[in-house]
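Engineer: output the structure for:
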Amino acid sequence: MSETGTPPVSVNRRCCRACSAPLARTVADLGLSPLANSYVPPDRAGQGEMVYPLHAYVCERCWLVQLEAFESPEHIFSDYAYFSGFSAGWLRHAEHYVAAMTERFGLGPHSKVVEVASNDGYLLQYFAARGVPVLGVEPAANVAAVAREKGVPSEVAFFGKTTAERLLAEGHGADLMAANNVLAHVPDILDFVAGFRVLLKRDGAGTFEFPHLLRMIEHKQFDTIYHEHFSYLSLGVVSGILERSGLRVFDVEELPTHGGSLRVFFCHAEGPHAQTPEVARVLADERDGGLFSAGGYGRFAEDVIEIKCASLEFLIGQRRAGKRVCGYGAAAKGNTFLNYCGIGPELVQAVADRSPHKQGTLLPGSRIPVISPEALLELRPDFVLILPWNLKTEITQEMAGIRAWGGRFVTAIPSLTLE
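Structural biologist: Here you go, the predicted structure:
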């Protein structure tokens, strides 16, 4: 990283961040887009925004799908607008994880759990409630402050080998390390993983959760591509990266979160955990799904274009028919979708979100205003476009009141669906 905090420019920037091979094969080219979580305050509504290419490539040597790093993690994550604790479904997911890991690994007052990218303490609060000592490592100071208010000790830092060595020296060797939906967010993925080898105790275990590339391709989830996600991951690729750091996968679970995710369990190469048959099964599914061959990515780009066309046809049709369309969920994936499709407030009047940190702002790029769920109900929309489609069940229950005047819910991915 340069002294200015921006990635150094090399003669050939388009190289794989895991194996340094040249990148040439496109997975999806979504044009130019602002950072997906760079919400615009009202007093900056008249100012421009920086936009960057949103172009995903696949490495034909190690098969890591990735974006180029146009912005540094310090710029993206040091003051962040995403707070995990505002999703009831995600809190339930975290609570179930804590119960399962406590039982599986016999965690108690003698143990130490470290979560990397611990956000607002959404997960560690449940370990702490069980009397398990915890430490969160969170780069966004504004988010870490919320965790501390919940009684979750939090270190404001970017995680990597250097941070791990410092924490180990301070006595924070971990029996369990968790990192949910963060592995994709780090440009220097090798240094990040090396930190787990340093901080994890010899007989400890770690877990990564991340959206599964196989499901992204199968279900046309192009909106999960945004600048904060530097990489798009499979078990095969993650297993190879772990092995380079002296770690190994010993189990994997398939999860419904984020449209289909993996929870990968890993330990030191010489650790005591035996590998389960699930590892071989998921790897076979990835091979059958074409993740380790160039041909496996050919159809995806065409699917993306078709979703854009169908979405615009629907929204333009409702506009001409005099219908009101609003959105729900000011999520990063929604911003990718809106900006790629060229959708603005002329087609989607407003987007509701439960987070007060987003309400009153404008969405990046599209400049659609973010309002409260209560304000959305006052608008009485004919259609509510659910942008975080992975939370559709939760949102349709929360906003069931729109059905009182015949309002309907819409999702666009993997295909346009009304209910």
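
Engineer: what's across from Ser154 in the sheet?
Structural biologist: Following DSSP bridges, Ser154 is listed with bridge partners Gly136.

Engineer: give me the element Ala284 is part of.
Structural biologist: helix 277-288 (DSSP states H and E).

Engineer: same question but for Ser111, I mixed them up
Structural biologist: Per DSSP H and E, there is no helix or strand for Ser111.

Engineer: any low-confidence regions in this structure?
Structural biologist: Where the chain drops to pLDDT under 70, the residues are 1-13, 71-87.

Engineer: just the helices in the stretch 301-419 of the chain please.
Structural biologist: Using DSSP state H, counting those that start in this stretch, the helices of the stretch 301-419 of the chain run over residues 332-341, 373-379, 392-398.

Engineer: how about the contacts made by the residue nearest to Pro414 when sequence neighbours are not counted?
Structural biologist: Closest residue to Pro414 apart from its sequence neighbours, by C-beta to C-beta, 6 or more residues apart in numbering: Lys220 at 4.3 Å. Where C-beta positions appear, they are placed from N, C-alpha and C, glycine not excepted. By C-beta atoms under 8 Å, 6 or more residues apart in numbering, the residues touching Lys220 are 300, 303-304, 307, 413-415.

Engineer: again with Ile217
Structural biologist: 289-291, 296-297, 300.

Engineer: now do Thr361
Structural biologist: 39-42, 330, 369-370.

Engineer: over to Ser231?
Structural biologist: Contacts of Ser231 were listed using C-beta under 8 Å, 6+ apart, and they are 17-18, 64-67, 183-184, 186, 189.

Engineer: so it versus Gly290, what's the distance?
Structural biologist: 18 Å (C-beta to C-beta, to the nearest Å).

Engineer: so which elements touch the helix holding Ala284?
Structural biologist: In terms of contacts (3 or more C-beta pairs under 8 Å, 6 or more residues apart in numbering; DSSP states H and E), helix 277-288 is packed against helix 213-218, helix 235-244, strand 247-255.

Engineer: got JSON lines for these, with distance to Arg403 too?
Structural biologist: Output for the helices and strands packed on helix 277-288, formatted as JSON lines (distance: least, C-beta to C-beta, whole Å):
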{"stretch": "helix 213-218", "distance to Arg403": "30"}
{"stretch": "helix 235-244", "distance to Arg403": "40"}
{"stretch": "strand 247-255", "distance to Arg403": "30"}
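
Engineer: quick check: the two most widely separated of the contacts of Thr361?
Structural biologist: Between any two of the contacts of Thr361, the greatest separation by C-beta to C-beta is 14.6 Å, found for Pro42 and Ala330.

Engineer: which of those two has more residues huddled nearby?
Structural biologist: Ala330 (30 against 10; other C-beta atoms under 10 Å).

Engineer: would you check that that one makes contact with Pro364?
Structural biologist: No: contact criterion C-beta atoms under 8 Å: Ala330 and Pro364 do not qualify, at 9.8 Å.
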